[in-house]
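S.K.: no sequence on this one, just coordinates:
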């Protein structure tokens, strides 16, 4: 469904300074698959998602949708053309909704652009409000009248109402209560089955990502360090960063959580500005080797559909 080849997004932030937000990511997402993308804050997950769908103009690389290349730089016509198949649920529910539009206009805007009569739009908006846990009477209200969790559900309804094929979910449950998180995750799974959706699910909650996703990819400072089946990455992580990331995930049992050793990272995070060769995780890695500082590791297939970019797995 979606494939990227050496995708890069760099931001020029000053004289002779370039921030490498996304730096050469190649991955593919199969039709009707959920790929979970994880990594700590600042790793480039959201930037990757926005560059993937054309909200950021990519610096280099290629993006393919159903085998056809997507534009390097999107025009208004390109956004209108691809929005019927590609949508995004944004991370910030406060900034992603127009404060001057009612919920009816926000959720139904995609249908209005298709020329669907307003009466039919109202019926469809009411249906989707119920499906995301809100009431049809809410369609006459404005975004400031809702909580953050309710706004996030409005954003989900807006993305899903036109029945897209591929959706980038940029931390769609981060602003929700725990009970509502389960509701939204189950809703996304139901939509995947009923609409044949393909999802890129970006999140911090590793347990939730393992639960909902078919495959998991791990980002660190703009690069992909490991990817594979969710259970394989979660229970048998290969990259040192993935191991520490999984160990930092809290245990549900408070007794086990209090007794297990700390997984605190040491060292300083490498600056993403004007980055040179070498492993991005070298300054914090407990298994660092001399070549890690000067040679960028290549992604290697170490098992069926399980890849890792680390010198520990270099061919000897």
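M.R.: Ah, there it is. Bear in mind the structure is a predicted one, so any value in this text is a computation, not a measurement. Numbering: from 1, shown residues only.

S.K.: which outside residues touch the lowest-mean-pLDDT helix or strand in the chain?
M.R.: Evaluated with mean pLDDT, DSSP states H and E, the helix-and-strand set of the chain has its lowest mean pLDDT in helix 254-259, which scores a mean of 76. Contacts with helix 254-259, where a contact means Cβ atoms under 8 Å, 6 or more residues apart in numbering, come from 250, 251. Just so you know, the C-beta spots here come from the backbone N, C-alpha and C atoms, and that holds for glycine as well.

S.K.: so how far is that helix from its chain's centroid?
M.R.: From the chain centre to the centre of helix 254-259 is a distance of 30 Å (Cα atoms, centre = their mean, to the nearest Å).

S.K.: equivalent analysis for stretch 165-183, please.
M.R.: Taking mean C-alpha positions (Cα atoms, centre = their mean), stretch 165-183 and its chain are 11 Å apart.

S.K.: return the set of buried residues in that stretch.
M.R.: Residues 165-176, 180-181 are the ones in stretch 165-183 that count as buried (16 or more other Cβ atoms under 10 Å).

S.K.: now do the end-to-end distance for it.
M.R.: Counting by Cα to Cα, to the nearest Å, you get 21 Å between the two ends of stretch 165-183.

S.K.: if we can go back for a sec, right, and the helix or strand after the least confident helix or strand of the chain?
M.R.: Along the chain past helix 254-259, the next helix or strand (assigned with DSSP states H and E) turns out to be strand 299-303.

S.K.: re earlier: got JSON lines for the buried residues of stretch 165-183, with distance to residue 269, pLDDT and secondary structure too?
M.R.: Compiled in JSON lines, the buried residues of stretch 165-183 are given as follows (distance: Cβ to Cβ, whole Å; pLDDT from 0 to 100; DSSP: H, G, I helix; E, B strand; the rest coil):
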{"residue": "165", "distance to residue 269": "37", "pLDDT": "91", "secondary structure": "coil"}
{"residue": "166", "distance to residue 269": "32", "pLDDT": "92", "secondary structure": "strand"}
{"residue": "167", "distance to residue 269": "30", "pLDDT": "92", "secondary structure": "strand"}
{"residue": "168", "distance to residue 269": "25", "pLDDT": "93", "secondary structure": "strand"}
{"residue": "169", "distance to residue 269": "26", "pLDDT": "91", "secondary structure": "strand"}
{"residue": "170", "distance to residue 269": "22", "pLDDT": "89", "secondary structure": "strand"}
{"residue": "171", "distance to residue 269": "20", "pLDDT": "86", "secondary structure": "coil"}
{"residue": "172", "distance to residue 269": "26", "pLDDT": "82", "secondary structure": "coil"}
{"residue": "173", "distance to residue 269": "26", "pLDDT": "79", "secondary structure": "coil"}
{"residue": "174", "distance to residue 269": "21", "pLDDT": "75", "secondary structure": "coil"}
{"residue": "175", "distance to residue 269": "26", "pLDDT": "67", "secondary structure": "coil"}
{"residue": "176", "distance to residue 269": "29", "pLDDT": "73", "secondary structure": "coil"}
{"residue": "180", "distance to residue 269": "33", "pLDDT": "74", "secondary structure": "helix"}
{"residue": "181", "distance to residue 269": "28", "pLDDT": "79", "secondary structure": "helix"}
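
S.K.: what's the distance between residue 287 and residue 90?
M.R.: 37 Å (Cβ to Cβ, to the nearest Å).

S.K.: compare the two (neighbour count), which wins?
M.R.: residue 90 (22 against 12; other Cβ atoms under 10 Å).

S.K.: so what's the spatially closest residue to the more buried one that is not a sequence neighbour up against?
M.R.: In space, residue 90 comes closest to residue 96 once its chain neighbours are excluded; the distance is 3.8 Å by Cβ to Cβ, 6 or more residues apart in numbering. Under the criterion of Cβ under 8 Å, 6+ apart, the contact list for residue 96 reads 90, 151, 155.
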